[in-house]
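Participant: one predicted model, sequence on top.
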Amino acid sequence: MFVRYFFLNGSLNTYEIKTLPIVDSNFVTGNRCGCVLIQKRWILLNGEIDVDFTNAKNYAGYTALKSPVLPLFNTNFTAIDEDGMGYTGIFYADGMVDIAIRSYIPESQKQILRFSCIAFASI
């Protein structure tokens, strides 16, 4: 019921596109990400980043990006590398986007991580 109300009373044409700067250039070497604020209620964070795992350690989190649009809550998502391995991504309420490495560092030290995340926007 909520989805119908959202689409009937709002227009998806009302959106703003933002860019995300790289925070840790030792970990993230390339950025093709975007952040879309839809109707000032929803944040669509998606794209891909080039990551260098050369100095990465297991069970560590690395701040990758900084969003100019802040989510209402911390939001988790999954980032997938070229080998199909998943990493935990966290979109924090302060706008920082972290990638957490739990137990796997790929053999190919340079990877592309792809992700997509939808979060509530803080108003």
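Facilitator: Received the coordinates, thanks. Residues are numbered from 1 along each chain as shown.
Participant: got any ranges where this protein has weak pLDDT?
Facilitator: Residue ranges of the chain with pLDDT under 70: 1-14.
Participant: can you give me the helices for this structure?
Facilitator: Taking DSSP state H as the criterion, the chain contains helices spanning 2-9.
Participant: all the strands of it, in order from the start?
Facilitator: With DSSP state E as the criterion, the chain has strands at 15-18, 28-38, 42-52, 60-66, 75-80, 86-91, 96-101, 110-120.
Participant: what residues of the fifth one count as buried?
Facilitator: By 16 or more other C-beta atoms under 10 Å, the buried positions in strand 75-80 come out as 75, 77, 79, 80. For every residue, glycine as well, the C-beta is placed using N, CA and C.
Participant: and that strand with strand 86-91, angle?
Facilitator: Strand 75-80 runs at 150 degrees relative to strand 86-91, counting by axes from the mean of the first three to the mean of the last three C-alpha atoms, to 10 degrees.
Participant: other SSEs contacting strand 75-80?
Facilitator: strand 86-91, strand 110-120 (3 or more C-beta pairs under 8 Å, 6 or more residues apart in numbering; DSSP states H and E).
Participant: any idea how far residue 52 is from the nearest residue to residue 90 once chain neighbours are set aside?
Facilitator: Counting by C-beta to C-beta, 6 or more residues apart in numbering, the nearest residue to residue 90 once its immediate chain neighbours are dropped is residue 98, at 4.6 Å. From residue 98 across to residue 52, the span is 16 Å (C-beta to C-beta, to the nearest Å).
Participant: my guess is residue 26 contacts residue 51. True?
Facilitator: No. Applying C-beta atoms under 8 Å, one finds residue 26 not in contact with residue 51, separated by 10.3 Å.
Participant: looking only at neighbour counts, state which of those two leads.
Facilitator: Neighbour count, other C-beta atoms under 10 Å: between residue 26 and residue 51, residue 51 has more, with 24 against 11.
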